[in-house]
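Asks: Next comes the sequence, and after it the predicted model I'd like to discuss.
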Amino acid sequence: MTTRIVTTIITACCFNLCVAAGVVLAAAGFQCATCHRTPDKLLPAKHVKKSDFSTCFSCHSIGRPAPDLMVKLHRNHLHSDTNADACLNCHPSGADGSMQLDATGQRQIKKADISDLAQKMSTWLQSDKLAYAHQRKGISCRACHTAYAEDDPYAEKCIGCHGDYEVMAKKTAQTKLERNPHKSHYPTLKCTNCHQSHDDFKNFCATCHGFAFGWKMKK
Ligand code: HEC
Ligand code: HEC
Ligand code: HEC
Ligand code: HEC
Ligand code: HEC
Ligand code: HEC
Ligand code: HEC
């Protein structure tokens, strides 16, 4: 027990010193060791043996040969009421308090924006939100986002996976609703005008029509 605590403290100090010195070490990377000490018990039986966490994300990252662990780790370690502190348990932070998104440190979130990012993460884990419908299919943040900002090309992403209004109108042709929500005189309307990912469904048409459009996640 004592050894465990000591190791944890040493690891934590080591990491802070590196940050204080302004050294961005790939090896500092994700802070798995603060809680797990060694990877022994976490690896599948036939996995290559590893004595520490320093190289995990040189293999386990997008575009790399090994499976992306991101969805799995976010699911396993976070709850639907998560906050910024929980993110920084794992994600390395820069001297300016920014949060590194990947092990290379090339993509960052400004300190002031971390809370919002955490709030969006919590909706990804809340069973009444659209983001959750994607989470349960193993779809991560990255499928819809690049910069985590307003100018992300959401609309193209939705259409890329689901198809455009022509395709969608066919899928909901048999709807029990008063009108087919995907067939209207707004052929280029953004999907997110109704389907908000991190918030409740919004009935865009109701500004002018009395159609009672609602959306409920499939079981
Ligand atoms: C704040 C503490 C904490 C941090 C940081 C942390 N973990 Fe965990 N992790 C846990 C706890 C608690 C569990 C669940 C209990 C257990 O299996 O030990 C867990 C479980 C796991 C599991 C097993 C999940 C399963 O389904 O069996 C894996 C794999 C894992 N962590 C990997 C990592 C990796 C990789 C990192 C770094 C990117 C990391 N953890 C960072 C606390 C942490
Ligand atoms: C040399 C590349 C490489 C490194 C480094 C590596 N892995 Fe893996 N890992 C793989 C490959 C390939 C697989 C898939 C095949 C398998 O299960 O062995 C895998 C599978 C896994 C799985 C199971 C994934 C799943 O979805 O079932 C976990 C968990 C895992 N690795 C954790 C880790 C952790 C934690 C580290 C760092 C301590 C690590 N790996 C380092 C290549 C690597
Ligand atoms: C258990 C460790 C762990 C925790 C806790 C954690 N993350 Fe992550 N996160 C990761 C790993 C690992 C990656 C992928 C790193 C890579 O691919 O190089 C990642 C990647 C990301 C990405 C980048 C996706 C992309 O576009 O590439 C975002 C955004 C993100 N996490 C948000 C969060 C938020 C918000 C929190 C807190 C609510 C959080 N994470 C908590 C381990 C964690
Ligand atoms: C199905 C696609 C999708 C997924 C998956 C998704 N988002 Fe989003 N996100 C959106 C859309 C669309 C918006 C714009 C607001 C809305 O419609 O809810 C948004 C807004 C945001 C914003 C606010 C950006 C801004 O400044 O306008 C943040 C931050 C964010 N998401 C983070 C995340 C994180 C972190 C994850 C993963 C846990 C995630 N998102 C998963 C689609 C998605
Ligand atoms: C990476 C591919 C991908 C992207 C990008 C994506 N989706 Fe999805 N979406 C899926 C999958 C897979 C499902 C689950 C299967 C299904 O119900 O069609 C799903 C489910 C849905 C559902 C039905 C959920 C339910 O369970 O009732 C809606 C609505 C939806 N997505 C809208 C959107 C919107 C809006 C966007 C853009 C902000 C988007 N999707 C982006 C793949 C994607
Ligand atoms: C005017 C609001 C509105 C807009 C805009 C909209 N949808 Fe929908 N969507 C709905 C409603 C309402 C439902 C539920 C239909 C039902 O219950 O019959 C739905 C259902 C869905 C479903 C689930 C379909 C299924 O298999 O049951 C998907 C996927 C979807 N929409 C994707 C999209 C995509 C992609 C776009 C953009 C191209 C889009 N929606 C634009 C209102 C909208
Ligand atoms: C800015 C106001 C406005 C908005 C928003 C709007 N419409 Fe309309 N819509 C009209 C007007 C005006 C007419 C023509 C009046 C008529 O002939 O009843 C019309 C006619 C229609 C018609 C043909 C007449 C009917 O009732 O069958 C349909 C279908 C329709 N709209 C669907 C939609 C759908 C679906 C949406 C949401 C994606 C939508 N509209 C959003 C104003 C709007």
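Replies: Sure, I can see it. Ligands and ions are numbered 1, 2, ... in the order given.
Asks: For ligand 7, see how far away Gln174 is.
Replies: As judged by Cβ to the nearest ligand atom, to the nearest Å, Gln174 and ligand 7 stand 16 Å apart. C-beta: built from backbone N, CA, C; applies to glycine.
Asks: Run through the helices of the protein in chain order.
Replies: Applying DSSP state H to the chain gives helices spanning 2-20, 33-36, 56-59, 70-77, 84-88, 114-124, 130-135, 154-162, 165-171.
Asks: between those, which has the poorest average model confidence?
Replies: Lowest mean pLDDT of these: helix 2-20, a mean of 39.
Asks: Turn the helices of the chain into a markdown table, columns for distance to ligand 1 and mean neighbour count.
Replies: Putting these into a markdown table (distance: least, Cβ to the nearest ligand atom, whole Å; neighbours: other Cβ atoms under 10 Å) gives the following:
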| stretch | distance to ligand 1 | mean neighbour count |
| --- | --- | --- |
| helix 2-20 | 10 | 12 |
| helix 33-36 | 3 | 15 |
| helix 56-59 | 6 | 16 |
| helix 70-77 | 5 | 15 |
| helix 84-88 | 8 | 16 |
| helix 114-124 | 14 | 18 |
| helix 130-135 | 16 | 19 |
| helix 154-162 | 26 | 14 |
| helix 165-171 | 35 | 14 |
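Asks: right, and those - which one's nearest ligand 3?
Replies: Comparing the helices of the chain by their distance to ligand 3 (Cβ to the nearest ligand atom), the top pick is helix 84-88, with 2.8 Å.
Asks: and the closest one, what does it pack onto?
Replies: Applying 3 or more Cβ pairs under 8 Å, 6 or more residues apart in numbering; DSSP states H and E, one finds that helix 84-88 contacts helix 114-124.
Asks: what's the angle between the helix it packs on and helix 70-77?
Replies: Computed with axes from the mean of the first three to the mean of the last three Cα atoms, to 10 degrees, the direction of helix 114-124 lies at 90 degrees from that of helix 70-77.
Asks: What lies in contact with helix 114-124?
Replies: Applying Cβ atoms under 8 Å, 6 or more residues apart in numbering, the contact partners of helix 114-124 are 74, 78-84, 86-88, 99, 109, 129, 131-132, 134-135, 141, 148, 197-199.
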